[in-house]
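# got a structure for you, letters missing:
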């Protein structure tokens, strides 16, 4: 990060501020205007923190060493010889390895997700004057645009708990930090928000169907390239939520039952068709090879354990079978949501994450005790939104926790599911509060009735 970055950054912040201010003026709700403004400036702060951390405190990670460096290299190749423009349109596996800036990066572009991020950096190079700081800001704004759509989706369902939703979606420290720079995670969080709001508008609100359908398709396509396991863990529960919401709009019981069965079958078949198509076209994770994939990822992290101070173990032996994967699932879930523990933090980045994980653990325990075991677990199946948020976040946590044995990687891989898990806990807590309030009102009514009888 040089003088050019420091000069350019404020101008690009101003440009984005003007754009989002224009968008904010179109909102009628003053609460939405407030959170829109706060969310934007938190992302700007997150970009500053991310850039400072990755240039001064922990330089040389994949953001600067692969995506940025090789992206700038491709951009310069295009600027020097326009015939290289084809590098932006080919698949990563077809990239000429001799053109790499760093020979140690050989093999990384075989993963289309790595090459997609690198190509995006190459394109942004020409509109940012090659500034690492500015490109981080653009990635951060891509994330913010989708995260705001995610907030709108939940706010439209539960406007009364707008503060809690803002904490879960807009204010989470690690969520802000790891979605504010040149990584896959800002793209995934942004696309996830756009996909959610677009599908919701098409299926439930019936609003701008063609435009939202196109947005949903593009979001699904690019998430499938970048991190397909997000789709595999997200779509089934989100589609189920939409099915249940639409069925409840039908008044006649028999028609409602038929609609539920039909939509459920259609949604299930549609998911597997889409999943199979994604696996064929994008080379995604096959469900029947999940155990093998987990074993491969774990082996890779174990082999790097001597080089990585943040490596850890789940404490459960995994032999590569599906049954051992099931046995490992609880440890993977705990690792995703509640680790690193305070005593496991050896770096500043993991220390901040461990404080957040500890807070999340205590909050979960508080919700469980406040609601009680019966209400807590029944809410997971009776409340449609809780079901969707909780089971998506848990399945996602299994994917991430089982394949990521390094805290430095885990703290950013898990961020897509964090808002959903927090929202599930918030909704259970709200249910418990309403039940307690109803009980108190009932007792007050009985006392009042008894007093009337006594005085009469």
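Received, thanks. Just so you know, these numbers come straight off a predicted model, no measurement behind them.
# tell me what the helix ranked longest in the chain is packed against?
Longest helix in the chain, counting residues (DSSP state H): helix 418-455. The contact analysis (3 or more CB pairs under 8 Å, 6 or more residues apart in numbering; DSSP states H and E) places helix 418-455 against helix 162-169, helix 173-178, helix 348-371, helix 373-382, helix 384-403. For every residue, glycine as well, the C-beta is placed using N, CA and C.
# determine the angle, from 0 to 180 degrees, between it and helix 162-169.
Here helix 418-455 runs at an angle of 150 degrees relative to helix 162-169 (axes from the mean of the first three to the mean of the last three CA atoms, to 10 degrees).
# who's in contact with stretch 188-198?
When contacts are defined by CB atoms under 8 Å, 6 or more residues apart in numbering, stretch 188-198 is touched by residues 142-153, 175, 179, 212-213, 215-216, 219-220, 222-223, 226-227, 230, 234, 238, 415-416.
# quick check: domain ranges of the chain?
3-161, 304-456 (automatic domain parsing).
# with distance to residue 197 and mean pLDDT added, can I get the ones you listed in a markdown table?
Formatted as a markdown table, these follow (distance: least, CB to CB, whole Å; pLDDT from 0 to 100):
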| stretch | distance to residue 197 | mean pLDDT |
| --- | --- | --- |
| domain 3-161 | 4 | 90 |
| domain 304-456 | 14 | 82 |
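# could I get those as TSV with mean neighbour count and distance to residue 187?
What follows is the domains of the chain, written out as TSV (neighbours: other CB atoms under 10 Å; distance: least, CB to CB, whole Å):
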stretch	mean neighbour count	distance to residue 187
domain 3-161	17	6
domain 304-456	17	11
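# just give the nearest non-adjacent residue to residue 229, would you?
residue 399 (4.6 Å; CB to CB, 6 or more residues apart in numbering).
# isn't that neighbour up against residue 233?
Yes. Under the criterion of CB atoms under 8 Å, residue 399 makes contact with residue 233 at 6.0 Å.
# and residue 230, how many residues sit next to it?
Counted with other CB atoms under 10 Å, the neighbours of residue 230 add up to 23.
# so it sits against residue 219, correct?
No. If you go by CB under 8 Å, residue 230 and residue 219 don't touch, sitting 10.5 Å apart.
# let me see the contact set for residue 217.
Contact criterion CB under 8 Å, 6+ apart gives no residues in contact with residue 217.
# now it: which helix or strand?
Element membership of residue 217, judged by DSSP states H and E, is helix 209-226.
# in that helix, what counts as buried?
Of the residues in helix 209-226, 212, 215, 216, 219, 220, 221, 222, 223, 224, 225, 226 count as buried by neighbour count, 16 or more other CB atoms under 10 Å.
# okay if I get the residues you listed as a markdown table plus pLDDT?
Formatted as a markdown table, the buried residues of helix 209-226 follow (pLDDT from 0 to 100):
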| residue | pLDDT |
| --- | --- |
| 212 | 92 |
| 215 | 94 |
| 216 | 92 |
| 219 | 94 |
| 220 | 92 |
| 221 | 92 |
| 222 | 93 |
| 223 | 93 |
| 224 | 90 |
| 225 | 90 |
| 226 | 91 |
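# which of those lies closest to residue 22?
For those, the minimum distance to residue 22 (CB to CB) is 19.9 Å, reached by residue 215.
# using the three-state scheme, assign the nearest residue to that closest one once chain neighbours are set aside.
Leaving aside its sequence neighbours, residue 215 sits nearest to residue 198 (CB to CB, 6+ apart; 4.1 Å). Here residue 198 is recorded as helix under DSSP: H, G, I helix; E, B strand; the rest coil.
# ok, residue 402 touching residue 329?
Yes. Counting by CB under 8 Å, residue 402 does reach residue 329; the two are 7.3 Å apart.
# my guess is residue 148 meets residue 37, correct?
No. Using CB under 8 Å, residue 148 is not in contact with residue 37, being 10.9 Å away.
# against residue 405, how distant is residue 92?
Note on residue 92: its distance to residue 405, by CB to CB, to the nearest Å, is 25 Å.
# cool, residue 133 as well?
32 Å.
# returning to that earlier point: which among the helices and strands packed on helix 418-455 is found nearest to residue 12?
Closest to residue 12 of these is helix 173-178 (CB to CB; 18.3 Å).
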